[in-house]
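Novice: Fold the following, please.
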Amino acid sequence: MNSRDLLRITSRTFAIGIERLPRVLCDATTIAYLLLRVSDYLEDNEEMETDEKVALLNLWVNILREQESVEALTSQLTGANTENPDAIVAQHSKEILLHLSSLPYEVQEIIVHHVINSTQGMARWTKQGSNVDDEKDLDDYMFEVAGRVGYLVTQLFAWYSITIRNKEKEIMPLAREFGLGLQTVNVIRGLREDFNRGWVYIPKKFLQEMGLTREQLFDPQHSEQALKVLDMMTDKAERHLRQALQYVKSLPWWLHGIRLGCIFPLMFAIRTLAVCRHNAQVFESEAKMTRNEVKKIVMDSTLWGWSNLWLDRYYQELNVAGE
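Specialist: Purely as a prediction, here's the structure:
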């Protein structure tokens with residue numbers, strides 16, 4: 001199974017954007033994404049104890065540093081549940097690393113640096129557990145798993161384009177916000193699934209303001225207070241996503257493929273947020289866009305994504321639709 005196939009089985013929505021990037025950036029971002037999926041698999045694995053997860057995340061860091069053989073990891077994953085796409089990616093770590101080695105050296109350095117930092121952050125949070133006391137804690141967690149990804153792709157774009165390179169310092173803070181925005185939406189739409197596996201990423205401070213425990217957040221008898229907590233999270237997501245919109249608008253209009261690679265996940269996120277906003281259903285199951293909505297966003301953005309005026313209008317249209 002090649003890297004593009006692995007990308008598509010792990011995330012159809014991310015694949016849509018990544019495959020619009022210029023060829024070398026498409027290859028680089030695909031590999032970076034898959035390496036991070038290996039980290040995600042080790043962090044989220046429900047069949048492993050915490051100590052084992054931390055040990056394997058640290059092993060993965062050493063493999064990325066070329067201090068350990070990749071077989072030291074893959075030999076421990078032969079019995080992994082292949083119904084989980086991330087398990088399949090982890091089992092193909094050797095092939096992914098071979099593909100990484102074929103990329104330009106500067107690109108390899110960017111990818112490895114950020115994947116190592118993100119993986120170390122995941123190990124720290126895995127060891128700490130889901131002790132998200134306040135918004136600062138939540139942002140710290142989300143930065144490790146998503147904000148650093150914003151840095152990674154921005155540095156890849158800057159390597160590719162001198163125009164973006166000249167803006168790199170200006171847009172890097174926005175790249176962090178982009179990552180935090182996408183991850184906040186992920187937290188919201190995955191509330192129930194995370195709760196079922198013992199994690200609640202809602203800051204305890206948000207719950208305390210409404211007089212709720214983690215368990216009561218999912219109890220229909222407390223739906224009024226729970227929806228107010230949800231409002232806090234959706235407001236937070238939107239604050240980040242508005243910065244993400246500024247990030248996209250700062251990219252040169254003539255680099256349409258790079259813009260689309262960012263526009264798609266942004267518009268998917270803001271539409272998903274509109275579906276989740278003040279919707280008690282998110283406490284019972286994952287909230288999603290429809291396939292037709294995905295297709296329409298892709299078609300509309302492909303036609304008009306070069307225009308910043310259109311981006312502002314379309315972002316607002318998706319944000320209020322379905323409320």
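
Novice: Which residue ranges make up the domains of this protein?
Specialist: 1-129, 133-323 (automatic domain parsing).

Novice: can you give me how far the last one is from the chain middle?
Specialist: The chain centre lies 9 Å from the centre of domain 133-323; the measure is CA atoms, centre = their mean, to the nearest Å.

Novice: got it, and the shortest one?
Specialist: On the basis of CA atoms, centre = their mean, domain 1-129 is displaced by 13 Å from the centre of the chain it belongs to.

Novice: how long is that domain end to end?
Specialist: Criterion CA to CA, to the nearest Å; first-to-last residue distance in domain 1-129 is 34 Å.

Novice: elements contacting the host helix or strand of Lys236?
Specialist: Per DSSP states H and E: Lys236 is located in helix 223-250. Contact here means 3 or more CB pairs under 8 Å, 6 or more residues apart in numbering; DSSP states H and E; on that basis helix 223-250 packs against helix 162-189, helix 204-209, helix 256-276, helix 308-320. In short, each C-beta sits where N, CA and C put it, glycine included.

Novice: Counting neighbours, which bits of that helix end up buried?
Specialist: 225-227, 229-230, 232-234, 236-238, 240-241, 243-245, 247-249 (16 or more other CB atoms under 10 Å).

Novice: And stretch 184-193, by the same measure?
Specialist: Result for stretch 184-193 [16+ other CB under 10 Å]: buried residues 184-191.

Novice: Also stretch 51-65?
Specialist: Buried-residue list, stretch 51-65, by 16+ other CB under 10 Å: 53-54, 56-57, 59-61, 63-64.

Novice: any idea of the mean pLDDT for stretch 265-274?
Specialist: Mean pLDDT, stretch 265-274: 96.

Novice: quick one: contacts of that stretch?
Specialist: Applying CB atoms under 8 Å, 6 or more residues apart in numbering, the contact partners of stretch 265-274 are 13-14, 17, 178, 181-182, 185, 188-189, 234, 237-238, 241, 244-245, 248, 287-289, 293-294, 297, 301, 314-315, 318-323.

Novice: Equivalent analysis for stretch 52-63, please.
Specialist: So stretch 52-63 is contacted by 38-39, 42-43, 45, 48, 68-70, 72-73, 76, 93, 97, 116, 119-120, 122-123, 126-127 (CB under 8 Å, 6+ apart).

Novice: Try it again at 10 Å.
Specialist: 35, 38-39, 41-45, 47-49, 67-74, 76-77, 90, 93-94, 97, 115-127 (CB atoms under 10 Å, 6 or more residues apart in numbering).

Novice: can you give me the mean pLDDT across that stretch?
Specialist: The pLDDT scores in stretch 52-63 average 97.

Novice: Next, Asn81: phi, psi?
Specialist: Backbone geometry at Asn81, expressed as degrees, to the nearest 10, gives phi -70, psi 110.

Novice: Excluding chain neighbours, give the residue nearest to it in space.
Specialist: Spatial nearest neighbour of Asn81, chain neighbours left out: Ala87 (5.6 Å); criterion: CB to CB, 6 or more residues apart in numbering.

Novice: That neighbour: what's it in contact with?
Specialist: Contact partners of Ala87, counting by CB under 10 Å, 6+ apart, are 37-38, 41, 45, 47, 77, 79-81.

Novice: Widest-spaced pair of those residues?
Specialist: Arg37 and Gly79 (18.8 Å; CB to CB).

Novice: okay, the two: which has more neighbours?
Specialist: The neighbour count for Arg37 versus Gly79, taken as other CB atoms under 10 Å, is higher for Arg37 (23 against 8).

Novice: In ChimeraX, select just the buried ones from the contacts of Ala87.
Specialist: Per 16+ other CB under 10 Å, the buried members of these correspond to this ChimeraX selection:
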select :37,38,41,45,77,80
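
Novice: for the contacts of Ala87, which one is nearest Ile164?
Specialist: Among the contacts of Ala87, and counting by CB to CB, the member closest to Ile164 is Arg37, at 25.3 Å.

Novice: For Leu217, see how far away Lys204 is.
Specialist: 11 Å (CB to CB, to the nearest Å).
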